[in-house]
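S.K.: pasting the sequence and the predicted coordinates here, then a few questions.
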There are 2 protein chains.
Amino acid sequence: MRWSEGFIAIDWGTTNRRAYCLDGEGRRVDEFEDAKGVLSVPADGFPAAVAEIRQRLGDYPMLLAGMIGSNRGWREAPYVPAPAGFDDLAGALVWVGEREAIVPGVSYLENGRADVMRGEEVQLLGAIGNGSIGGDGMACHPGTHNKWVTLRGGKIDSFRTVMTGELFSLLKEHSILSDLLQGEVDVNDVFREAARHAIDNESLPADLFSVRARVLLGVGRKEDAASYASGLLIGADVRVGLSYPTGAQISVIGRPDLTRLYAVAVREASRDAKELDGEVCFLAGIHEIAKRI
Amino acid sequence: MRWSEGFIAIDWGTTNRRAYCLDGEGRRVDEFEDAKGVLSVPADGFPAAVAEIRQRLGDYPMLLAGMIGSNRGWREAPYVPAPAGFDDLAGALVWVGEREAIVPGVSYLENGRADVMRGEEVQLLGAIGNGSIGGDGMACHPGTHNKWVTLRGGKIDSFRTVMTGELFSLLKEHSILSDLLQGEVDVNDVFREAARHAIDNESLPADLFSVRARVLLGVGRKEDAASYASGLLIGADVRVGLSYPTGAQISVIGRPDLTRLYAVAVREASRDAKELDGEVCFLAGIHEIAKRI
């Protein structure tokens, strides 16, 4: 192995993938992103897909994270149980070939409560790895399925998934609210008011219908409905997250457009929020794992 | 008018319609049901659709309720504000022709909380009208959008809509849980356990993801996932409903397969539930309105 001479890191999700060529110090040399998520690749198509990535980024060893390690991906990488840190992930890499390793996801199981993550663990630990946050505290990772994570001793100690992003998409694409939710979500007073309402009240499945009733009865404007619905969903999500013991500051890691919304909602709950770019954290995390090979 | 000689009553929803011919005493003489909901009828197609119903059931005057009175129906019937009883509905009928009247829906607006119903009001008041329940108490009407309703002095005093039925459909048809939710919902221990969990905890958007994680980690069986998810959603719905002041007994009005699920969940919350057939209540309610014409 010559991982110290550089490698390819891939964050391979369900619908998208991002691939990077990193040098021995973990600096980005080259990269691309496209829509060839695992669902778009036939079950026997991964060797060809990986060869194509090497054609574009160079003939380097490869570390893959995300849904590529699910039962719908290239090779299933069994979950590592929490608490899980870099050494645990590096020790449980699944080698598909001599130069291709898949990073496992993390599972949580306690008192019958079951949860899983796949992909977020690299970003969460990466934020610790590059010193952006300490090894103890609370973080969240907004996305299709937001994760609330307790970090302890530099490891993912426990976590909880909230289906916020997917629920918003379902409502926007297929529900009775669909025509109301086509507008942009703005971080405005309407968003803040809805987030505060949902942080203070526990009635999300009822509040969602009010998005429509407010417009029908002239209490809310149609143009504000997407911001209002997003505020309700993210506020309810923050309510779940803050029901766990937390430190003063919540680290919000992910896509900047999403971390912005969550940071605003966390502050509506009178907590401090620190936003971190998920891509930067991913690269820091995947480099830490590569160093342990 | 000769409504006392019989009339046609139609419960005309978004995707289905049920039409009945009633005699002067409100007894069913004839009926049919089909999938010609308002969304399947072009905007100018309602006169023909109504003529077709008269061909099948007889040339009688007609009372129409449900989404037929929405802005996507035949003629918009403005909401009557709660508190609303039979006299209020009968006084606000919208006459499309001399022999065709549309029953208005009911709206609720207080402290900025907005809500609407259209169709359920006939069944809810009908249960009072035929003496199945008293004029004061708490009822719910499961369906695509469940309604929790406080009845006072024989009127709909206030109500709250919970999007439970639609959320279950969205998750079943389009979400990451889709393949897990294709099975039947059984009223079994799994359903009861999930309902009790959701009645006691306020974390629905997180609990929904656990439907998947439980199966992945072997805590739950795939065959039970639909019952578990339904229990979580209906339990969370009951939690919203019971947050309002209630009497000892909850009347559950609607389709028998749905009232069964809600009655079980209400009992898990240590309340008494009485199930009532929504169709019987609809006919009783529409007859009460016809008597006031």
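M.R.: Now that the structure is in, tell me what you want to look at.
S.K.: and chain B, is the longest helix along chain A touching that?
M.R.: Determined from DSSP state H, the single longest helix within chain A is helix A:225-241. Yes: if you take C-beta under 8 Å from any C-beta of the partner chain as the test, helix A:225-241 does meet chain B, through A:233, A:236-237, A:239-240. In short, each C-beta sits where N, CA and C put it, glycine included.
S.K.: please identify which of the residues you listed is nearest to chain B.
M.R.: Among the residues of helix A:225-241 next to chain B, A:Val240 lies closest to chain B (C-beta to the nearest C-beta), at 4.9 Å.
S.K.: ok, the closest one to B:Gly105 distance?
M.R.: Per C-beta to C-beta, to the nearest Å, A:Val240 is found 34 Å from B:Gly105.
S.K.: where does chain A dip in pLDDT?
M.R.: A:1, A:246-247 (pLDDT under 70).
S.K.: show me where it has helices.
M.R.: According to DSSP H, chain A carries its helices in the segments A:46-57, A:86-91, A:120-129, A:164-174, A:189-200, A:204-216, A:225-241, A:256-268, A:278-291.
S.K.: among those, which comes closest to B:Arg18?
M.R.: With distances scored as C-beta to C-beta, the stretch of the helices of chain A nearest to B:Arg18 is helix A:204-216 (23.7 Å).
S.K.: which outside residues touch the closest one?
M.R.: Helix A:204-216 is contacted by residues A:171, A:176-177, A:180-181, A:197-198, A:201, A:219-222, A:225, A:228-229, A:232-233, A:236, B:79, B:107, B:113-116, B:145, B:160-164, B:167, B:204-205, B:233, B:236-237, B:240 when judged by C-beta atoms under 8 Å, 6 or more residues apart in numbering or on different chains.
S.K.: just the CA trace of that helix, in PDB.
M.R.: Output in PDB follows, covering the C-alpha atoms of helix A:204-216 (Å, rounded to 0.1, in the frame of the first residue of the first chain):
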ATOM      1  CA  LEU A 204     -46.000  18.200  14.500                       C
ATOM      2  CA  PRO A 205     -48.500  16.000  12.700                       C
ATOM      3  CA  ALA A 206     -51.300  18.500  13.600                       C
ATOM      4  CA  ASP A 207     -49.300  21.600  12.900                       C
ATOM      5  CA  LEU A 208     -48.400  20.400   9.400                       C
ATOM      6  CA  PHE A 209     -52.100  20.500   8.400                       C
ATOM      7  CA  SER A 210     -52.200  24.100   9.700                       C
ATOM      8  CA  VAL A 211     -49.900  25.100   6.900                       C
ATOM      9  CA  ARG A 212     -52.800  24.600   4.600                       C
ATOM     10  CA  ALA A 213     -55.600  25.900   6.900                       C
ATOM     11  CA  ARG A 214     -53.600  29.100   7.600                       C
ATOM     12  CA  VAL A 215     -53.600  29.900   3.900                       C
ATOM     13  CA  LEU A 216     -57.300  28.900   3.400                       C
END
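S.K.: run the chain-centre distance for that helix.
M.R.: Here helix A:204-216 is found 28 Å from its chain centre; the criterion is C-alpha atoms, centre = their mean, to the nearest Å.
S.K.: compare A:Val240 and B:Gly105 and say which is more crowded by neighbours.
M.R.: Neighbours per residue (other C-beta atoms under 10 Å in any protein chain shown) separate A:Val240 from B:Gly105, with B:Gly105 holding more: 26 against 23.
S.K.: so which residues on the stretch 51-200 of chain A come close to chain B?
M.R.: Near chain B, when you scan the stretch 51-200 of chain A using C-beta under 8 Å from any C-beta, you find A:79, A:107, A:109, A:112-116, A:144-145, A:160-164, A:166-167, A:170-171, A:173-176.
S.K.: ok, of the residues you listed, which come out buried?
M.R.: A:79, A:107, A:109, A:113-116, A:144-145, A:160-164, A:166-167, A:170-171, A:175-176 (16 or more other C-beta atoms under 10 Å in any protein chain shown).
S.K.: and those, which of them are in strands?
M.R.: Using DSSP state E, the members of those that fall in strands are A:107, A:109, A:113-116, A:160-162.
S.K.: now the helices of chain A as TSV including distance to B:Arg255?
M.R.: Shown next, in TSV, are the helices of chain A (distance: least, C-beta to C-beta, whole Å):
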stretch	distance to B:Arg255
helix A:46-57	47
helix A:86-91	50
helix A:120-129	41
helix A:164-174	22
helix A:189-200	30
helix A:204-216	19
helix A:225-241	28
helix A:256-268	37
helix A:278-291	45
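S.K.: between those helices, which one is nearest to B:Ala43?
M.R.: Of all those, helix A:204-216 comes closest under C-beta to C-beta, at 18.9 Å.
S.K.: give the buried residues for that closest one.
M.R.: Applying 16+ other C-beta under 10 Å to helix A:204-216 flags A:204-216 as buried.
S.K.: equivalent analysis for stretch A:30-47, please.
M.R.: Neighbour-count burial for stretch A:30-47 [16+ other C-beta under 10 Å]: A:31, A:36-38, A:41, A:46.
S.K.: which among the residues you listed gets closest to B:Arg17?
M.R.: A:Gly37 (41.9 Å).
S.K.: does that closest one really touch A:Arg72, like I thought?
M.R.: No: applying C-beta atoms under 8 Å, one finds A:Gly37 not in contact with A:Arg72, separated by 9.8 Å.
S.K.: now do the shared contacts for the two.
M.R.: A:Thr14.
S.K.: pretty sure A:Arg56 sits against A:Phe32.
M.R.: Yes: between A:Arg56 and A:Phe32 there is a contact under C-beta under 8 Å: 6.2 Å.
S.K.: name the residues contacting each of those two.
M.R.: Common contacts of A:Arg56 and A:Phe32 (C-beta under 8 Å, 6+ apart): A:Ala19.
S.K.: what is the burial count for A:Asp179?
M.R.: For A:Asp179, the neighbour count with other C-beta under 10 Å is 13.
S.K.: that one and A:Gln55, how far apart?
M.R.: Distance from A:Asp179 to A:Gln55, counting by C-beta to C-beta: 44 Å.
S.K.: what is the longest helix of chain A packed up against?
M.R.: With contacts defined as 3 or more C-beta pairs under 8 Å, 6 or more residues apart in numbering or on different chains; DSSP states H and E, helix A:225-241 has these neighbours: strand A:146-152, strand A:155-162, helix A:164-174, helix A:189-200, helix A:204-216, helix A:256-268, helix B:204-216.
S.K.: B:Ala139: which of the ones you listed is closest?
M.R.: Closest among the helices and strands packed on helix A:225-241, once you apply C-beta to C-beta, is helix A:204-216, at 15.9 Å.
S.K.: in contact with the residue in chain A sticking out farthest from the centre, which residues?
M.R.: The C-alpha centroid of chain A is most remote from A:Leu217, which lies 37.0 Å away (C-alpha atoms, centre = their mean). A:Leu217 is in contact with B:79, B:107, B:109, B:114, B:116, counting by C-beta under 8 Å, 6+ apart.
S.K.: same thing with A:Trp95?
M.R.: A:Trp95 neighbours (C-beta under 8 Å, 6+ apart): A:101-102.
S.K.: for chain B, what's its nearest residue on the stretch 1-150 of chain A.
M.R.: For the stretch 1-150 of chain A, C-beta to the nearest C-beta, closest residue to chain B: A:Ala114, 4.1 Å.
S.K.: shouldn't that residue be in contact with A:Tyr108?
M.R.: Yes: judged on C-beta under 8 Å, A:Ala114 makes contact with A:Tyr108 at a distance of 7.2 Å.
S.K.: circling back to that earlier point, bridging residues for the residue of the stretch 1-150 of chain A closest to chain B?
M.R.: In this entry, A:Ala114 is beta-bridged to A:Leu109, by DSSP bridges.
S.K.: now do the contacts for it.
M.R.: Counting by C-beta under 8 Å, 6+ apart, A:Ala114 has contacts A:107-108, B:210, B:213-214, B:216-217, B:219-220.
S.K.: same thing with A:Cys281?
M.R.: For A:Cys281, counting by C-beta under 8 Å, 6+ apart, the contacting residues are A:122-124, A:126-127, A:130, A:132, A:253.
S.K.: highest neighbour count among these?
M.R.: A:Leu124 (31 neighbours).
S.K.: tell me the contacts of it?
M.R.: So A:Leu124 contacts A:139, A:141, A:147, A:149, A:151, A:156, A:253, A:281, A:285 (C-beta under 8 Å, 6+ apart).
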